[in-house]
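*Asks:* okay, sequence plus prediction incoming.
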Amino acid sequence: MTTVGYGDFFPKSNIGRFVGILIAFWGVAFVSLFVVTLTNLLLFENGEEKSFILLQRLKSKDELKKEAVNVMTAAYRQKVVKREHPNDIKKNINAVRNFRGYMLKFQAISRSIRGNYETETDADRIKRDLEDLREDVDFIKDNLSQICKSIGIEEKETEK
């Protein structure tokens with residue numbers, strides 16, 4: 001939209017150049033409006049985002065329950081193999097590998113659930129920012145009092 005080609009055809013008069021520049025700017029504006037509109041259509045609103053996060057949490061919990069059942073089943077099978085075939089190393093190793101595989105899947109889903117719950121709300125973010133600001137103000141006060149002491153100015157003068 002903003003290109004004039006390979007240079008085979010180009011405006012030769014000042015009015016033609018001016019029209020070419022206007023068309024180039026119009027193309028940039030049109031493309032940017034298209035991108036902004038598409039972005040706004042694809043982004044979640046606040047309520048939609050909260051609903052999506054809630055659905056993710058519910059789905060993750062269901063997956064966690066299924067993997068917990070798999071882990072318990074694999075642990076029971078490993079116990080049965082160990083009891084019934086104590087000398088068969090190959091069966092015991094396969095049972096342990098099966099259990100370990102299910103346990104790793106269970107731990108991965110558990111970590112993803114913890115990640116879903118560690119999202120910071122607006123109130124938490126504001127609270128943290130205010131606490132950081134309070135710490136910064138205390139730090140500045142301490143530095144100011146040290147500077148005043150080193151110069152020989154009383155602190156009462158600086159508080160006015």
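*Replies:* Sure thing, it's come through.
*Asks:* flag every buried residue along the lengthiest helix in the chain.
*Replies:* When the chain is scanned for its longest helix (criterion: DSSP state H), the result is helix 46-84. If you call a residue buried by 16 or more other Cβ atoms under 10 Å, then helix 46-84 has these buried ones: 60, 63-64, 67, 70-71, 74, 78, 81. No exception for glycine: its C-beta is placed from N, CA and C like everyone else's.
*Asks:* what's the closest of the residues you listed to residue 123?
*Replies:* Of all the buried residues of helix 46-84, the one with the least separation from residue 123 (Cβ to Cβ) is residue 60, at 23.8 Å.
*Asks:* lowest-confidence one in the buried residues of helix 46-84?
*Replies:* Least confident entry in the buried residues of helix 46-84, by pLDDT: residue 60, with 86.
*Asks:* for the residue lying closest to that residue once chain neighbours are set aside, helix, strand, or coil?
*Replies:* If the residues on either side of it in the chain are set aside, residue 60 comes closest to residue 113, at 4.7 Å by Cβ to Cβ, 6 or more residues apart in numbering. At residue 113, secondary structure determined by DSSP: H, G, I helix; E, B strand; the rest coil is helix.
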